[in-house]
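>>> Model the following, please.
(one chain, ligands or ions: 1)
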Amino acid sequence: MGTIPPTLATPEGALEERTPVALLIDDSPDVHRLLAMRLRSEGIDVVSATTGSDGIRIAQESLPSVVLLDIDMPGMDGLEVLRTLKDTEATLHIPVIMLSGLHSPHDKVTAFDLGAVDFITKPFDVTELRVRVRSALRVSYLLRMLSQRAQIDGLTGLYNRAHFDARWEEAASTCARHGRPLSIALIDLDHFKSVNDTYGHPAGDAALRGLAKLLVRECRVSDVACRYGGEEFALIMPETGPKAASIVCDRIRAALSDVQWPKHPERSITCSIGIVGSEGPCATAASGWIESADRNLYRAKKEGRNRIVATTIEGGVSMAQAG
Ligand SMILES: [Mg+2]
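Got it, this is the predicted structure:
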């Protein structure tokens with residue numbers, strides 16, 4: 001299973017105000033001594049790393065509230081570290097403030113392009129640094145709160161699970177009350193763990209984003225595409241019976257398997273899809289639909305993946321298409 005960054009996985013309204021933790025990545029011990037003392041007296045815990053690779057590891061393990069990152073380090077430099085942090089789902093949303101002793105406008109532009117929130121030139125004034133850290137923490141808190149309220153998944157830009165739950169409940173009850181057609185698809189990337197293990201998490205994240213883009217491109221205006229969790233997506237298709245839903249989903253399945261991925265052009269990525277639908281009135285509860293769709297998804301996996309299995313909600317007519 002893929003992971004959802006803990007910062008976004010907390011339930012709505014549960015954004016806790018833990019003691020902020022700043023991760024300082026800098027090869028100079030002097031900077032560590034100076035900052036650790038000043039930030040701690042501000043009520044900010046400081047975690048230290050003196051190399052880029054240690055910094056990345058600690059960032060992924062401890063998910064700090066903010067990263068202070070030196071550009072000029074031997075080995076992996078700060079820009080490289082920044083690129084990795086912004087390419088990884090777990091650390092994507094952590095604000096990064098760059099520290100640099102160089103007066104290179106080019107580095108500044110690159111750092112902001114890569115997603116840094118601020119840039120401080122050494123030697124820096126500690127008071128200024130402190131207020132900039134505070135400001136970065138405030139902005140990141142607000143952004144997290146907004147993205148939860150807005151119910152948008154931070155990695156893919158699709159609706160998140162909370163939004164899905166609300167919309168699906170509504171769609172299933174409309175179907176029950178008014179007898180309108182309805183279908184739902186659960187879409188799961190095949191062998192996702194192996195993509196992560198073989199090509200690294202940035203490649204896995206690229207696959208998630210890629211599938212999200214295809215969903216948006218191939219589905220209709222009335223469809224609702226959501227990230228259901230990990231490498232699983234859900235597509236709500238109102239006014240659509242299972243046959244029409246199969247056609248939409250097979251377009252998505254085929255388009256995904258045709259993508260050539262920049263990081264691994266030799267390996268394609270496929271998905272399996274479980275669909276249930278109804279052409280008319282249906283009293284099945286929202287959760288019952290999901291269980292049926294999940295069963296069909298499981299069947300699609302078992303029967304060889306890169307395929308869709310679709311049934312009516314009564315479990316009747318079965319349609320399977322393989323790529
Ligand atoms: Mg340095």
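>>> ok, how many other residues are close to the closest residue to Ala176 other than its chain neighbours?
Leaving aside its sequence neighbours, Ala176 sits nearest to Ala283 (CB to CB, 6 or more residues apart in numbering; 5.5 Å). Glycine gets a C-beta too; all of them are placed from N, C-alpha and C. The number of residues packed near Ala283 is 11, by other CB atoms under 10 Å.
>>> can you give me the helices in this protein?
Remark: helices assigned in the chain by DSSP state H are 6-9, 29-40, 52-62, 78-87, 105-114, 126-150, 161-178, 192-199, 201-218, 242-258, 286-302.
>>> Mind checking the pLDDT average for the longest one?
For helix 126-150, mean pLDDT is 84.
>>> Tell me the spacing between Gly154 and the ion.
Taking CB to the ion, to the nearest Å as the measure, Gly154 falls 30 Å from the ion.
>>> I'd guessed Arg83 sits against Leu114; true?
Yes - if you go by CB atoms under 8 Å, Arg83 and Leu114 touch, sitting 5.6 Å apart.
>>> Those two: which has the busier surroundings?
Set side by side, Arg83 and Leu114 show more neighbours around Leu114, with 19 against 15, by other CB under 10 Å.
>>> Mind pulling up the pLDDT for the more buried one?
Reported pLDDT for Leu114: 92.
>>> quick one: it and Arg299, what's the gap?
43 Å (CB to CB, to the nearest Å).
>>> same check, this time on Tyr228
The gap separating Tyr228 from Arg299 is 18 Å, by CB to CB.
>>> quick one, which of those two is more surrounded?
More neighbours surround Tyr228 than the other of Tyr228 and Arg299, with 21 against 17 (other CB under 10 Å).
>>> Can you pull the phi/psi pair for the closest residue to Asp70 other than its chain neighbours?
Of all residues not flanking Asp70 in the chain, Asp26 sits nearest, at 3.9 Å (CB to CB, 6+ apart). Note on Asp26: backbone dihedrals following degrees, to the nearest 10 are phi -160, psi 140.
>>> Report the spatially nearest residue to the most centrally placed residue in the chain, omitting neighbours in sequence.
Note on the chain: the residue nearest the mean C-alpha position is Leu155, at 2.9 Å, using CA atoms, centre = their mean. Distances taken as CB to CB, 6+ apart put Glu89 closest to Leu155, at 5.0 Å, once the chain neighbours are dropped.
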